[in-house]
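A.B. asks: here's a sequence, model it:
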Amino acid sequence: MTLLESLRQYTTVVADTGDIEAIAQHRPQDATTNPSLLFQAAQMPAYRHLVEEATEVASELGGTHQRMADEFIDRLFVLFGSGILNVIPGRVSTEVPASLSFDTAGTLAKARKLISLYEKKGFSRNRILIKTASTWEGIRAAEVLELEGIHCNLTLLFSFAQAVACAQAGVTLISPFVGRIYDWYRKEHGGSEIAPDQDPGVASVTRIYNYYKKFGYKTQVMGASFRNVNQIVRLAGCDLLTISPELLNQLENTEGTVKRELDQVKARESKEQRLRLEEKTFRWLHNEDAMATEKLAEGIRKFNSDAHHLQQFALARVAETIG
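C.D. replies: Residues are numbered from 1 along each chain as shown. Model (predicted):
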């Protein structure tokens, strides 16, 4: 048995890539995408036809270059997402632009448009997860979308306050960032390695998982942003784990078994107290966590920068097409 086969006994494995061929190779249940992953995939010859189709649709729409570029990006996300849905049995996460992280109305409008495009392609909204940042505004948008049957994946999640607020809002899924939490604490410790049994990213996901299961929240926990295989196996039993193709290869090529680390029985023994967060309490508790405050802001900037690269690519495509 390989580590990947063993892990699948306890946890749903999700591929973190925009490369449809890589997803088909590893046979995950679900897949996640983001502007950076799509920008990389769009450069591959295998997906040139998707880039050309998105360009054609955007050009036919007309208007300013910016409007056509925005349409190109929306269409490209849905085309890649549709291709991914054709090779997996589960769901694909499609991201709302990071520039809308503090814009509830804007997030709602973009999410509804993306879902409409998927439905026109013949895919049920139950197979799509709209991904948005775990800001107060993003969580509020997700709360409304969930009531409309549009399922959400709240990303850039670093603080316990974010996790509690997402559960209260009834979101489908959260994506706590294990590796980025680890990176912050490692830097705080002068760059030295942190012992696996003291990994703060693993500890964060474990705490959130235990809290959710103890109090019966339906929101699923999907650990994300892994730096090594050890972080993954120490979260065996988590609802889902989204893993890069490189780490999936390591898991698939390593023989061994994984021990279940997270389970609902252990979770019920947690000493966590139930919290009820309104906006001011959420903002205060999140602000008290220096790591979470810094990493959320940094993550939004980074995701926006990645989106800018994709937008520049889109503008170049549009200009090339219409002359």
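A.B. asks: relative to Ser116, how far out is the nearest residue to Asn230 once chain neighbours are set aside?
C.D. replies: Nearest in space to Asn230, with sequence neighbours left out and distances taken as CB to CB, 6 or more residues apart in numbering, is Pro196 at 5.1 Å. For the C-beta atoms, the positions are set from N, CA and C on the backbone; glycine is no exception. With distances taken as CB to CB, to the nearest Å, Pro196 is found 45 Å from Ser116.
A.B. asks: show me where the stretch 1-150 of the chain has its helices.
C.D. replies: Along the stretch 1-150 of the chain, counting by DSSP state H, counting those that start in this stretch, helices occupy 3-7, 20-26, 35-42, 48-61, 65-85, 104-120, 136-147.
A.B. asks: would you reformat the ones you listed as JSON lines and include mean pLDDT and distance to Asp289?
C.D. replies: Formatted as JSON lines, those follow (pLDDT from 0 to 100; distance: least, CB to CB, whole Å):
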{"stretch": "helix 3-7", "mean pLDDT": "97", "distance to Asp289": "29"}
{"stretch": "helix 20-26", "mean pLDDT": "90", "distance to Asp289": "34"}
{"stretch": "helix 35-42", "mean pLDDT": "86", "distance to Asp289": "25"}
{"stretch": "helix 48-61", "mean pLDDT": "88", "distance to Asp289": "39"}
{"stretch": "helix 65-85", "mean pLDDT": "92", "distance to Asp289": "31"}
{"stretch": "helix 104-120", "mean pLDDT": "98", "distance to Asp289": "23"}
{"stretch": "helix 136-147", "mean pLDDT": "98", "distance to Asp289": "14"}
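A.B. asks: closest to Lys302 out of those?
C.D. replies: Closest of those to Lys302 is helix 35-42, at 8.4 Å (criterion: CB to CB).
A.B. asks: what lies in contact with the closest one?
C.D. replies: Here helix 35-42 makes contact (CB atoms under 8 Å, 6 or more residues apart in numbering) with 16-20, 47, 50-51, 73, 76-77, 80, 95, 97, 303, 306-307, 309-310, 313.
A.B. asks: and for stretch 241-253?
C.D. replies: Stretch 241-253 is contacted from outside by 2-4, 7, 11-17, 19, 22, 26, 28, 30, 32, 175, 222-224, 226, 228-229, 232, 235, using CB under 8 Å, 6+ apart.
A.B. asks: in strands, which of the residues you listed appear?
C.D. replies: Thr12, Val13, Val14, Ala15, Asp16, Asp30, Thr32, Ser175, Met222, Gly223 (DSSP state E).
A.B. asks: can you get me a residue count around the closest residue to Ala111 other than its chain neighbours?
C.D. replies: In space, and not counting its chain neighbours, Ala111 is closest to Ile130: 4.4 Å by CB to CB, 6+ apart. Each residue near Ile130 was counted by other CB atoms under 10 Å, and the total is 28.
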